[in-house]
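*Asks:* Any chance you can model this:
(chains A and B, ligands or ions: 2)
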Amino acid sequence: MTMLLPQFELHKPTSLKEALDLARGFGDDFDYLSGGTDLLPNYKCGLNASANVISLAHIAELKAISPTEIGAGVCLRDLERSKEVPASVAYTASQIASPLIRESATLGGNLMLDTRCHFFNQSYFWRRTLGYCLKADGDVCHVIPKIMKDGKSVTNSFTCVATHSSDLAPLLVALGASCTLAGPAGTRTLKLSEFYKGDGIARFDLQRGEIFTKVSLPNTSGIRSGYKKLAPRRSIDFPVLGVAAALGLGKDGRVESLRIGLGACETIPVLYDFSGKDKQAERGNAIFTEPTKGMPEVIGKKLDDALIQTIADHVTRTAQPKLNVPMEPAYRKKMAGVFARRLLTELRS
Amino acid sequence: MAKKLLKMMVNGRAVEIACAPNQTLAVALRDELNLTGTKIGCDMGTCGCCTVEINGKAKLSCLTLAHECEGASITTIEGLNQYQMHPLQKAFAECGGSQCGYCTAGFVMKSHALLAECPNPTREQLKEELAGNLCRCTGFVKIYEAVERAASELREKAPVEPAPATAR
Ligand SMILES: Cc1cc2nc3c(=O)[nH]c(=O)nc-3n(C[C@H](O)[C@H](O)[C@H](O)COP(=O)(O)OP(=O)(O)OC[C@H]3O[C@@H](n4cnc5c(N)ncnc54)[C@H](O)[C@@H]3O)c2cc1C
Ligand code: SF4
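*Replies:* Ligands and ions are numbered 1, 2, ... in the order given. The predicted structure follows:
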């Protein structure tokens, strides 16, 4: 069955500057396209399509890869085979979608993947029968339609809680990566964890026209990292839960640093930073409680089974998966802790 | 949204086709070049039916815009058997790797790209690499057997030189 793409003009700049100039001319009515493996399926469903599409696939500046910097245009197939990047990054890339998709899919597209939801990733016809939703064409959220305000009155929710289903995002957030954005006003760099906003529609801290150019990794020598993915089928499905960890362990087995990234639960990859000052950092959707509350002390302690279980319990208690992607939230919540425990046990040995 | 003339190499032959910016490569191959061996299954990236080789890499033609392939070299299932059946095609037929046949072109193209990179894949590698191609008839075992048979045949004799372009 052929799914028709809406009408648009395609532009193929060969430099960042040219792309930014084009974008400026289109105001709000454009989208960037890298591999197209996320944008084109959404366009085929008539989801928020624009009249102009600017392809970033022909910009060589975006394709550099080194141990500390990965260009947004690097395709996942190259990333999974790269000997330069940390092994956990290559492994996680290899768990995304299928080999066919990974030939086209890029790192930038993966980190900027549109959020997903049962009520959103559907054909136009399907969505029309339900009266659409906040994220496209409508004015109600079917996942969380009402919220308590001031602890008593019930009002309509105007926040989209669609899930951010990238596999690489939780890992890169746990590794402490930062990202560089190039815009009409110049280039800026910020922590990847701060790039995501707790809103399924606004999604990113991104000025209109800005291009995601690269991810920079801090020095990861001595850091043990890994990722575990839960999906209905291992072969091709989006994650319904992803747990990543970056662990610094002293010679005596004591924890020097620990950061856990939780993917496919909320509109952002959630960061649990057990080491930093930003332990109470603002995160996630404002209408929910903070998972950082009551975080156990782990720094300087020996990473024995009991401590691992305490960390896992904290992750389970605070994970907030929504009922908008496959598999029950209760199961995914429980598995978040199970994965955290397995991952830390593996990383310890 | 005017159509624009695009030059590309398709199955070793230089072609020029008029495509709209919102045409996928799958639609362009089928509608403009009449190369209907490439099938459109889900058209959403999930099934792998529309796999073709773009500059030697097996990609989904349903998630690739025709305009993005300007100047590229493309091989479709028709490009494999211009004079005789390709060992992969023969093996799929002999091993029962194809039943209804809708997914077969995609499987053959993905396997073709795989064997070019890795002439002797293990069964595990095959499963990983073919994970993006779905077949609802065979149960996959016969497909893996077919690819393994073709791989050993291709390893024994030097690969058949691609036939010179023929007028279609
Ligand atoms: C069947 C199927 C299965 C999938 N499974 C998975 C999975 O298991 N895990 C997973 O994480 N993903 C999965 N995906 C989603 C997708 O394939 C990947 O996330 C991929 O990495 C997206 O990259 P892309 O280059 O194709 O993005 P595109 O589709 O080109 O872009 C995605 C979004 O990012 C924006 N964008 C892209 N690059 C830039 C940039 N440099 N600057 C600014 N904006 C940019 C685009 O405007 C668009 O909104 C799947 C997709 C399909 C169709
Ligand atoms: S979470 Fe609510 S608003 Fe967001 S896509 Fe799903 S139904 Fe729509």
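
*Asks:* Relative to B:Thr51, how far out is the spatially most central residue of chain B?
*Replies:* Of all residues in chain B, the one closest to the mean position by CA atoms, centre = their mean is B:Met109, 2.9 Å from it. Distance of B:Met109 to B:Thr51, given as CB to CB, to the nearest Å: 4 Å. C-betas here are computed from N, CA, C, even on glycine.

*Asks:* Give the residues shared as contacts by the two.
*Replies:* Common contacts of B:Met109 and B:Thr51 (CB atoms under 8 Å, 6 or more residues apart in numbering or on different chains): B:Ala58.

*Asks:* Leaving out chain neighbours, which residue sits closest to B:Thr36?
*Replies:* Leaving out its chain neighbours, the residue that sits closest to B:Thr36 by CB to CB, 6 or more residues apart in numbering or on different chains is B:Arg30, at 5.2 Å.

*Asks:* now swap in A:Thr155 and tell me
*Replies:* Using CB to CB, 6+ apart, the closest residue to A:Thr155 is A:Lys149 (5.0 Å).

*Asks:* residues contacting the residue of the stretch 151-300 of chain A found nearest ligand 1?
*Replies:* The nearest approach of the stretch 151-300 of chain A to ligand 1 comes at A:Phe212, 3.6 Å away (CB to the nearest ligand atom). A:Phe212 makes contact with A:72, A:108, A:111-112, A:179-181, A:206 under the criterion CB under 8 Å, 6+ apart.

*Asks:* Recalculate using a threshold of 6 Å.
*Replies:* A:72, A:108, A:112, A:181 (CB atoms under 6 Å, 6 or more residues apart in numbering or on different chains).

*Asks:* which other residues reach stretch B:131-149?
*Replies:* A:98-100, A:235-236, B:47-48, B:91-92, B:95-97, B:99-100, B:103, B:106-107, B:110-111, B:126.

*Asks:* Could you count how many residues lie near residue 42?
*Replies:* Answering for chain A, as no chain was given. Using other CB atoms under 10 Å in any protein chain shown, A:Asn42 is surrounded by 20 other residues.

*Asks:* right idea, wrong chain: chain B
*Replies:* 16.

*Asks:* Which strand or helix spans it?
*Replies:* B:Cys42 is part of no helix or strand, with elements assigned from DSSP states H and E.

*Asks:* One more: A:Cys179?
*Replies:* Counting by DSSP H and E, A:Cys179 is found in strand A:178-183.

*Asks:* what does chain A put close to ligand 2?
*Replies:* Within reach of ligand 2 by CB under 6 Å from any ligand atom, chain A has these residues: A:117, A:119-120, A:133-135, A:141-143, A:160-162, A:200, A:324.

*Asks:* For ChimeraX, what selects the buried ones among these?
*Replies:* Listed next is the ChimeraX selection for buried residues among the residues of chain A next to ligand 2, using 16 or more other CB atoms under 10 Å in any protein chain shown:
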select /A:117,119,120,133,134,135,141,142,143,160,161,162,200,324
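
*Asks:* Now the lengthiest helix in chain B: buried residues?
*Replies:* Secondary structure of chain B per DSSP state H: the longest helix is helix B:141-156. Buried residues in helix B:141-156, counted by 16+ other CB under 10 Å: B:142-151, B:154.

*Asks:* ok, now stretch B:28-42?
*Replies:* B:28-30, B:32-33, B:35, B:37-42.

*Asks:* Likewise for stretch B:115-126?
*Replies:* Quick answer for stretch B:115-126 (16+ other CB under 10 Å): B:115, B:121, B:126.

*Asks:* what mean pLDDT does it have?
*Replies:* In this model, stretch B:115-126 has a mean pLDDT of 96.

*Asks:* just stretch A:328-338 next, same as before
*Replies:* pLDDT averaged over stretch A:328-338 gives 97.

*Asks:* Return the nearest residue of chain B with respect to ligand 2.
*Replies:* Counting by CB to the nearest ligand atom, chain B gets nearest ligand 2 through B:Met44, at 17.6 Å.

*Asks:* Around chain B, which positions in chain A sit nearby?
*Replies:* A:2-3, A:5, A:7-10, A:36-37, A:40-41, A:98-101, A:103-104, A:235-236 (CB under 6 Å from any CB of the partner chain).

*Asks:* Take the residues you listed and keep only those in strands.
*Replies:* If you go by DSSP state E, those have A:9-10 in strands.

*Asks:* Now the buried members of the residues of chain A next to chain B.
*Replies:* Buried among the residues of chain A next to chain B (16+ other CB under 10 Å): A:3, A:5, A:8-10, A:36-37, A:40-41, A:98-101, A:103-104, A:235-236.
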